[in-house]
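> Below is the sequence, then the predicted model.
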Amino acid sequence: MDAARLAKDTPKSLKTRARILDCAMQLIARIGYHAATNPVIAETAGLTRGAMLYHFPTREALVEAAVAHVQAERSALFQAAADTLPPGSDVTEHAIDSYWDLLQSVPFMAFAELEAAGRTDPAIQALLAPAQAEFDRAQAGDHFLKILHAGAGPRFQASRDLARFMLEGLARSTLTYDRDGRKERLLAVIKRATHMLNRKGDVQDLWPD
């Protein structure tokens, strides 16, 4: 290991690097990927331009590290939600409420912003692809199976996918009137639809009345 790498692996250097990546994640979620430039991130982190270049000499290096950081934060939040189920709670409703809350969190908002930027930027998309695949497998497997109790097979996979993608679409939607009421009603329908797919037997009405 060379001297430059050793210098960057000191506790102080690692702490500074973590601060930069936290600031990058916060800014990407709050002001967007393109506005969260390296100089803006450095200023927010309280660093000089030279100090920023020491840790991340290029935009590409910072974005690559930021994607990994955001993905790690998303996975940690998702695992925590999967491991937390209040006694007596309805597992499906807890799962949907938990994922809805996660979608409002900084790591998930930052990742959504990176995905939007990656739509027209092949370099960003290439960085995101492994994280997207990893998260998709986790949701279809261990983590999401824990919080969205169901089973194996196409019907239960459809149940998980329906809940996931409806929630993600709702989180990114623009509701111009009766925002809270419409979201509450849609969340209730998502829960009922997921229950219906998870349950054997006759399909019940989606609307309660």
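Now that the structure is in, tell me what you want to look at.

> Show the subsequent helix or strand relative to the longest helix seen in the chain.
If you go by DSSP state H, the chain has its longest helix at helix 59-82. Using DSSP states H and E, the helix or strand that follows helix 59-82 towards the C-terminus is helix 91-103.

> Quick check: next helix or strand after the helix or strand bottoming out on mean pLDDT in the chain?
Least confident helix or strand of the chain, by mean pLDDT, DSSP states H and E, is helix 142-147 with a mean of 50. Next along the chain after helix 142-147, taking DSSP H and E as the criterion, comes helix 154-171.

> can you state the direction angle for the one helix or strand residue 12 maps to and helix 59-82?
Residue 12 is part of helix 11-31, with elements assigned from DSSP H and E. Orientation of helix 11-31 against helix 59-82 (axes from the mean of the first three to the mean of the last three CA atoms, to 10 degrees) gives an angle of 80 degrees.

> Average pLDDT for the helix or strand following helix 11-31, rounded please.
On the C-terminal side of helix 11-31, the closest following helix or strand by DSSP H and E is helix 38-44. Averaging pLDDT along helix 38-44 yields 96.

> Using PDB, write out every CA atom in helix 38-44.
The C-alpha coordinates for helix 38-44 follow below in PDB (Å, rounded to 0.1, in the frame of the first residue of the first chain):
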ATOM      1  CA  ASN A  38     -18.100  19.600  -5.900                       C
ATOM      2  CA  PRO A  39     -17.400  23.300  -4.800                       C
ATOM      3  CA  VAL A  40     -20.900  23.500  -3.200                       C
ATOM      4  CA  ILE A  41     -20.400  20.200  -1.400                       C
ATOM      5  CA  ALA A  42     -16.900  21.300  -0.200                       C
ATOM      6  CA  GLU A  43     -18.300  24.600   1.100                       C
ATOM      7  CA  THR A  44     -21.100  22.800   2.900                       C
END
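
> From residue 185, how far off is residue 93?
Going from residue 93 to residue 185 by CB to CB, to the nearest Å gives 15 Å. C-beta here means a position set from N, CA and C on the backbone, and glycine is covered the same way.

> If you count surrounding residues, which of these two has more?
Neighbours around residue 93 and residue 185, counted as other CB atoms under 10 Å, are more numerous at residue 93. The numbers are 17 against 12.

> Show me what stretch 116-127 is in contact with.
For stretch 116-127, contacts defined as CB atoms under 8 Å, 6 or more residues apart in numbering pick out 33-34, 60, 63-64, 67, 114, 128.

> spatially speaking, which residue is in the middle of the chain?
residue 108 (2.8 Å; CA atoms, centre = their mean).

> Tell me the spacing between that one and residue 195.
Relative to residue 195, and taking CB to CB, residue 108 is found at 24 Å.
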